[in-house]
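Engineer: sequence and predicted structure are below.
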Amino acid sequence: MPPPSARGGIHRLPRRPRIGAGAGGYDFLEDPDKTGLEAFVFWRADSLARLVRLAPASEALAAGSLIRYEPERWSSRQAGRPTPDGYHQILAPAPGIEHHLIFSDPNPPLPGTVLMPVPSFDAWHPERLAATFAFWRLAQNPRSSPAVPVRMRKPTGKSLEMAFLTWTLDLQRTGSSVREIARAVFDEAPPDWADSSSRSRVRRLLRKAKTMSAGGYRRLLKPPRLGAGPAS
């Protein structure tokens with residue numbers, strides 16, 4: 001079943017407890033009872049490379065702006081949430097396409113408010129510029145293709161490792177022992193278990209999985225950009 005926001009209007013949820021100024025928003029589903037395929041995910045703003053920052057335009061710039069705050073026109077499937085960084089809004093005009101917007105004020109702008117982008121000249125400026133342009137296209141013509149759908153990447157050594165990390169952590173949290181995890185993951189559980197290499201491998205996987213689960217996964221959302229820093 002689609003999230004409540006799909007039935008029209010912005011799905012506004014009760015305000016959650018603040019998690020600290022500057023912490024970057026939230027990183028959970030809007031409805032924990034739904035899966036990521038059914039509900040929106042509000043990532044921490046500092047983890048998103050493709051984030052569109054918007055603000056009300058000044059009087060001097062408002063006359064020339066082509067974008068006004070018209071969420072009902074932009075997308076039928078959307079959700080919004082107040083966060084410590086401001087109001088975070090997600091638009092999903094088509095399958096596989098999402099626009100993440102954030103406003104500095106904790107509440108969304110009034111309908112019809114003239115908007116302007118707020119650039120951030122950091123290492124991910126090219127990604128944010130592309131996201132801003134994609135949103136500009138959506139706001140200009142919601143019926144057109146506003147962005148390229150996200151395509152599934154081919155499996156790599158890194159993605160396969162992440163799959164194993166998730167698997168081992170799930171097995172442990174359901175009560176499996178280290179030996180049972182080794183039997184499931186490696187299809188083996190040596191008789192000399194106390195001194196086996198499989199035991200050490202599973203323990204290393206579990207340590208790494210717990211690190212990723214505790215927040216390390218955010219690095220996957222916005223990997224380092226080599227050579228993108230300021231010149232020395």
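Structural biologist: Sure, I can see it. These figures come from a predicted structure and were not determined experimentally.
Engineer: okay, CA-based contacts and neighbour counts for the rest of this
Structural biologist: Noted.
Engineer: quick one, domains of this structure?
Structural biologist: Each domain of the chain is listed here as a residue range: 4-140, 157-221, per automatic domain parsing.
Engineer: and the ones you listed, which one's lowest on average pLDDT?
Structural biologist: Of all those, the segment with the smallest mean pLDDT is domain 4-140, scoring a mean of 79.
Engineer: show me where the protein has helices.
Structural biologist: Here the chain has its helices, by DSSP state H, at 59-62, 71-74, 125-140, 157-173, 178-186, 197-211, 218-221.
Engineer: in the fourth one, what counts as buried?
Structural biologist: Across helix 157-173, burial judged by 16 or more other CA atoms under 10 Å covers 162, 164-169, 171.
Engineer: got those as JSON lines, with distance to residue 47 columns?
Structural biologist: Formatted as JSON lines, the entries for the buried residues of helix 157-173 read as follows, by distance: CA to CA, whole Å:
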{"residue": "162", "distance to residue 47": "18"}
{"residue": "164", "distance to residue 47": "23"}
{"residue": "165", "distance to residue 47": "21"}
{"residue": "166", "distance to residue 47": "20"}
{"residue": "167", "distance to residue 47": "24"}
{"residue": "168", "distance to residue 47": "25"}
{"residue": "169", "distance to residue 47": "23"}
{"residue": "171", "distance to residue 47": "28"}
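Engineer: show me what the closest residue to residue 62 other than its chain neighbours is bridged to.
Structural biologist: Counting by CA to CA, 6 or more residues apart in numbering, the nearest residue to residue 62 once its immediate chain neighbours are dropped is residue 114, at 5.9 Å. Using DSSP bridges, the bridge partners assigned to residue 114 are residue 68.
Engineer: now for residue 114: which residues touch it?
Structural biologist: 56-57, 62, 65-69 (CA atoms under 8 Å, 6 or more residues apart in numbering).
Engineer: and if we set it to 6 Å?
Structural biologist: By CA atoms under 6 Å, 6 or more residues apart in numbering, the residues touching residue 114 are 56-57, 62, 68.
Engineer: which among those residues gets closest to residue 35?
Structural biologist: Of all those, residue 68 has the smallest distance to residue 35: 32.1 Å, by CA to CA.
Engineer: wouldn't that closest one be in contact with residue 110 here?
Structural biologist: No: taking contact to mean CA atoms under 6 Å, the distance of 9.6 Å between residue 68 and residue 110 leaves them out of contact.
Engineer: got the helices of the chain as a markdown table, with distance to residue 86 columns?
Structural biologist: Supplementary listing: the helices of the chain in a markdown table, determined by distance: least, CA to CA, whole Å:
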| stretch | distance to residue 86 |
| --- | --- |
| helix 59-62 | 22 |
| helix 71-74 | 17 |
| helix 125-140 | 17 |
| helix 157-173 | 32 |
| helix 178-186 | 43 |
| helix 197-211 | 28 |
| helix 218-221 | 20 |
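Engineer: center of this structure, which residue is that?
Structural biologist: To find the centre residue of the chain, average its C-alpha atoms and take the closest one (CA atoms, centre = their mean): that gives residue 43, at 3.9 Å.
Engineer: distance check, it against residue 122.
Structural biologist: For residue 43, the distance to residue 122 equals 19 Å [CA to CA, to the nearest Å].
Engineer: biggest strand in the chain by residues?
Structural biologist: When every strand of the chain is counted residue by residue (DSSP state E), the longest turns out to be strand 86-94.
Engineer: centre of the chain to it, how far?
Structural biologist: Remark: strand 86-94 is offset 11 Å from the chain centroid, using CA atoms, centre = their mean, to the nearest Å.
Engineer: buried ones in that strand?
Structural biologist: Residues of strand 86-94 classed as buried by neighbour count (16+ other CA under 10 Å): 86-93.
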